[in-house]
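**Q** Sharing a model prediction with you, sequence too.
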Amino acid sequence: MQAPADETLIGQIARGDRLAMQVLFARHHVRIYRFVLRVVRDEMAAEDVIGDVFLDVWRQASRFEGRSAVSTWLMAIARFKALSLLRKRRDDTLDVETAESIEEPSDDPELAVEKQDKGKKLRACLAGLSREHREIIDLVYYHEKSVEEVALIVGIPENTVKTRMFYARKKLGELCRMAGIDRGWP
Amino acid sequence: MTTAPQDMPQDIGPTEIEALLPWYAAGTLRRRDRQRVAAALRDDPALAHHADLVREELAETIHLNETLGAPSPRVATRLMAAIDTEMGAARQAAAPGAFARWLTGVFASLSPRTLAVAASFATLAIALQSFMLVDVFTKPTGSAPGDATSAGRLHGTYASVRFARQASAAEITNFLHTYQATLVDGPTPGGLYRVKLAMSSLAREELGRVVQRMRQDRVVEFAEADE
């Protein structure tokens, strides 16, 4: 038997189908959790956020118009809630509209990298990127979102998506060089 | 979904190709853009090296995210509990409206003659009840009225019931009538109602049989005897 499409599940949820909600949750909660966790960097807070995200889905399923994939819609809700939480905590000093990246001192790759393994160093550098740069790299590489979908989730024009991704990668290259990996770019 | 080519110029230069490499590596480019990037990679070894770096970043990003683990099962438990609470509240809010619609439908289906007869009976019943109440309150008794009320609340046989989501007010009324039951409390956050099944305490076996029968009723989702 073929599993129902996400859009079908949303229609069922809009009619109050509890089971459809469980299926949608099972299908997406891990990826949404990881996306939120990379933003808020706190497991308990990330769990609270995803609970809120899916409760919103339960309440607002009838408003879903199908203009984007369900997973994109979920990501957009999750991002909004995660950023709201960060603002509430007052520990997010970034302007969400700017594409400028700022390294977080606690994630200095030179301090974080302990082993010589290139993969580990690269992952440490990825973790050392600013929230905005981490976010776009995760959306493109891990969540497999197109330019159009990233634009919808982050709320920026498509050309900005491309330039932000480019500068995120460039910053990653710089961090790698600082960590002793010369990749030949930038 | 893939990139929208309309915001891209017709002639994509090397820098723009470079900007598309991450989506090329992730497989989320439209066919047309994918072919352009593939052609550029064939002709430009430096760009091909850059694409290797992108693939390396992609692999490590996936690795990094996969090591983040998963949320605990309590997230699902809390979510479904919150949903149940909302469903219970929504059902409670909807019930009076549904019952009123059902009642309106019943009265609308009766002929004027039947209605007149029914009204006469109702008047008679009210008069009879008034007479009985006057009789009860004017007769001297051995105990205070407060004691009688308390006793009425304490005695009897009760069960907790959750009605099926699709059950209509008419079906619930019919169910209560079948079991000679009265709603006394609810709904709780879990959508449970407390019903009084009898004025006296039923034997455990008999109560078990009644609850078992209730569980087989399609109007009921859950039924349990209250000890």
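**A** The structure has been received and is ready for your questions. Residues are numbered from 1 along each chain as shown, chains lettered A, B, ... in the order given.
**Q** contacts for stretch A:143-150?
**A** A:31, A:35, A:68-69, A:71-72, A:75, A:136, A:139-140, A:153, A:158, A:161-162, A:165, B:1-4, B:23, B:26-29 (Cβ atoms under 8 Å, 6 or more residues apart in numbering or on different chains). Backbone N, C-alpha and C define where each C-beta goes, glycine included.
**Q** can you give me how far that stretch is from the chain middle?
**A** 11 Å (Cα atoms, centre = their mean, to the nearest Å).
**Q** ok but B:A25 is inside a strand, no?
**A** No - under DSSP: H, G, I helix; E, B strand; the rest coil, B:A25 sits outside any strand and is assigned helix.
**Q** which secondary structure elements does the longest helix anywhere in chain A contact?
**A** Longest helix of chain A, by residue count under DSSP state H: helix A:18-40. Applying 3 or more Cβ pairs under 8 Å, 6 or more residues apart in numbering or on different chains; DSSP states H and E, one finds that helix A:18-40 contacts helix A:6-14, helix A:43-60, helix A:70-89, helix A:131-137, helix B:74-109.
**Q** Go through it and flag the buried ones.
**A** A:20-25, A:27-40 (16 or more other Cβ atoms under 10 Å in any protein chain shown).
**Q** try stretch B:44-57
**A** Those would be B:47, B:50-51, B:53-54, B:57, for stretch B:44-57 by 16+ other Cβ under 10 Å.
**Q** List, out of those, those positioned next to chain A.
**A** B:50, B:53-54, B:57 (Cβ under 8 Å from any Cβ of the partner chain).
**Q** Where helices are concerned, which of the residues you listed count?
**A** B:50, B:53-54, B:57.
**Q** pLDDT and distance to B:F222 for these - can I get that in a markdown table?
**A** Converted to a markdown table, these look like this (pLDDT from 0 to 100; distance: Cβ to Cβ, whole Å):
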| residue | pLDDT | distance to B:F222 |
| --- | --- | --- |
| B:H50 | 92 | 61 |
| B:L53 | 94 | 59 |
| B:V54 | 96 | 55 |
| B:E57 | 95 | 52 |
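**Q** Is it possible to get a markdown table of those that adds distance to A:A3?
**A** Formatted as a markdown table, those follow (distance: Cβ to Cβ, whole Å):
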| residue | distance to A:A3 |
| --- | --- |
| B:H50 | 38 |
| B:L53 | 37 |
| B:V54 | 32 |
| B:E57 | 32 |
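**Q** Quickly check the residues you listed for the two that are furthest apart.
**A** B:H50 and B:E57 (10.7 Å; Cβ to Cβ).
**Q** ok, and the closest non-adjacent residue to A:L37?
**A** Leaving aside its chain neighbours, A:L37 sits nearest to A:A46 (4.1 Å; criterion: Cβ to Cβ, 6 or more residues apart in numbering or on different chains).
**Q** re earlier: ok, so of the ones in helices among the ones next to chain A among the buried residues of stretch B:44-57, who is nearest B:L64?
**A** Of those, the one sitting nearest to B:L64 (Cβ to Cβ) turns out to be B:E57, at 10.2 Å.
**Q** Settle this for me: the closest one is touching A:L122, isn't it.
**A** Yes - the pair B:E57 and A:L122 qualifies as a contact (Cβ atoms under 8 Å) at a distance of 7.1 Å.
**Q** and for these two, which residues touch both?
**A** When contacts are counted by Cβ under 8 Å, 6+ apart, B:E57 and A:L122 are jointly contacted by no residue.
**Q** Lowest-scoring secondary structure element of the chain by mean pLDDT?
**A** This is for chain A. For chain A, using mean pLDDT, DSSP states H and E, the weakest element among its helices and strands is helix A:109-112, scoring a mean of 55.
**Q** looking at chain B here, not the other one
**A** That would be, for chain B by mean pLDDT, DSSP H and E, helix B:145-154 at a mean of 41.
**Q** C-terminal to it, what's the next element?
**A** strand B:157-163 (DSSP states H and E).
**Q** after the least confident helix or strand of chain A comes which helix or strand?
**A** helix A:118-127.
**Q** Quick check: which helices or strands does that following helix pack against?
**A** Short answer (3+ Cβ pairs under 8 Å, 6+ apart): helix A:118-127 packs on helix A:109-112, helix A:131-137, helix A:158-178, helix B:45-66.
**Q** and A:E65, that one's in a strand?
**A** No - assigned with three-state DSSP, A:E65 falls outside any strand and is coil.
**Q** residues touching the closest residue to B:E224 other than its chain neighbours, list them.
**A** Once flanking residues are discounted, B:E224 sits nearest to B:S160: 5.1 Å by Cβ to Cβ, 6+ apart. Applying Cβ under 8 Å, 6+ apart, one finds that B:S160 lies in contact with B:192-195, B:222-224, B:226.
**Q** Poorly predicted segments of chain A, please.
**A** Low-confidence segments of chain A, defined by pLDDT under 70: A:1-2, A:90-116.
**Q** To clarify, my last question referred to chain B.
**A** Looking along chain B with the criterion set at pLDDT under 70, you get B:1-14, B:93-154, B:170.
**Q** Kindly compare burial across the helices and strands packed on helix A:118-127 and name the winner.
**A** Highest mean neighbour count of those: helix A:131-137, a mean of 24 (counted as mean count of other Cβ atoms under 10 Å in any protein chain shown).
**Q** quick one: the very next helix or strand once past that one to chain centroid distance?
**A** Counting by DSSP H and E, the next helix or strand C-terminal to helix A:131-137 is helix A:147-154. Here helix A:147-154 is found 11 Å from its chain centre; the criterion is Cα atoms, centre = their mean.
**Q** thinking again about what came up before, and the residue nearest to B:E224, what are its bridge partners?
**A** B:R194, B:E224 (DSSP bridges).
**Q** Residue nearest the middle of chain A, spatially speaking?
**A** A:F35 (3.9 Å; Cα atoms, centre = their mean).
**Q** And stretch A:75-89, what's buried?
**A** Going by 16+ other Cβ under 10 Å, stretch A:75-89 has these buried residues: A:75-79, A:81-83, A:85-86.
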